[in-house]
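Participant: Below: sequence and its predicted model.
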Amino acid sequence: MTSQPQLILLPASQRRQQFLRDRGLAYTVHVADIDETPLPNEDPAAMTRRLAEAKAEAVALRLQDAAQEQIIIASDTTVALENTIYGKPVDDEDAAHMLRALRNRTHSVISAVAVLRLPDRWLETRVNTTAVTMRDYTDAEIAAYVATGDPLDKAGAYGIQSSGFAPACALDGCYAGVMGLPLADLCDLLVARGVVIPHDPAQVCAAHNSFACCFASTQRAFFVDFDAR
């Protein structure tokens, strides 16, 4: 029986780690220190792909002398309203500004996952774009949510899974992708490289998402009406 390649996950957010643990996959964590500043007039999807691949390449450079087969998993998530990119807010005021800008509008959440294999440096990337429509929350709700501190480490200043704030009223795409890691796309990439995944991605998604998983769709997309719950 062929042994599993060693999986390396970066960056090491708790949510992304939980996704891999739920799949029954063992991994080690590495950190990639790269400049994530957008290039002038850079397209949001192109930037997201570039950053995911740059993270994978940075770690591959450190591990290039390793003889054992290793697979580096890197991802990046961008929130974009038209062509304006909303990264992680720098402070509470910035978070409130982002939430006001996104309120009652539809924006894109772009998640790129890059898989780089060593020692041959084979690289493939999937980019998943999900349309998220925000509800018409009040300024008071924004202030209460910002006060929790939750928005400060999230692109666009919100977590789709935040039950207290519940920012979205509809979603068309991949719920897991909005959370930071498109599970169906990652599964496709890993299986293509011979990784055996013990647990069904749809079951893993169901642990975080009470709606249908996009894994069953060839388009890797599913429409969710949060108000229909």
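Facilitator: The structure has been received and is ready for your questions.
Participant: residues contacting D188?
Facilitator: R126 (C-beta atoms under 8 Å, 6 or more residues apart in numbering). For every residue, glycine as well, the C-beta is placed using N, CA and C.
Participant: helices and strands of this protein: which one bottoms out on pLDDT?
Facilitator: Lowest on mean pLDDT, DSSP states H and E among the helices and strands of the chain sits helix 201-206, with a mean of 69.
Participant: what's downstream of it, the next helix or strand?
Facilitator: strand 222-225 (DSSP states H and E).
Participant: what comes up buried for that following strand?
Facilitator: F222, V224 (16 or more other C-beta atoms under 10 Å).
Participant: What strands line up against it, and which way round?
Facilitator: Paired strands of strand 222-225, with direction, are strand 168-173 (antiparallel) (DSSP bridges).
Participant: Run through who's touching the partner strand.
Facilitator: The contact list for strand 168-173 (C-beta under 8 Å, 6+ apart) reads 106, 109, 128-135, 160, 178, 214, 220-227.
Participant: Quick check: PyMOL command selecting the buried ones in these.
Facilitator: A single PyMOL command suffices to select whichever of these are buried according to 16+ other C-beta under 10 Å:
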select buried, resi 109+128+129+130+132+133+134+160+178+214+220+221+222+224+226
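Participant: how about the strands in this protein?
Facilitator: 6-10, 28-29, 70-81, 84-86, 106-118, 122-134, 168-173, 222-225 (DSSP state E).
Participant: of all those strands, which lies closest to K154?
Facilitator: Closest approach to K154 among these is made by strand 70-81 (8.6 Å; C-beta to C-beta).
Participant: Tell me who's in contact with the residue nearest to L39 when sequence neighbours are not counted.
Facilitator: Take L39 and drop its neighbours on the chain: the residue closest to it by C-beta to C-beta, 6 or more residues apart in numbering is M47, 7.0 Å away. Taking C-beta under 8 Å, 6+ apart, we find M47 in contact with P38, L39, T78, I85.
Participant: Kindly report the same for V113.
Facilitator: A52, I73, A74, S75, T125, R126, N128, L181, P182, D185, L186, L189.
Participant: Go through those and give me the one with the most neighbours.
Facilitator: P182 (31 neighbours; other C-beta atoms under 10 Å).
Participant: And the pLDDT at that one?
Facilitator: Predicted confidence (pLDDT) for P182: 88.
Participant: now it: how far from R23?
Facilitator: 13 Å (C-beta to C-beta, to the nearest Å).
Participant: What residues does L181 make contact with?
Facilitator: L181 is in contact with R15, R16, F19, S75, S111, V113, counting by C-beta under 8 Å, 6+ apart.
Participant: ok, back up a step: could you measure from the residue nearest to L39 over to Y27?
Facilitator: 26 Å.
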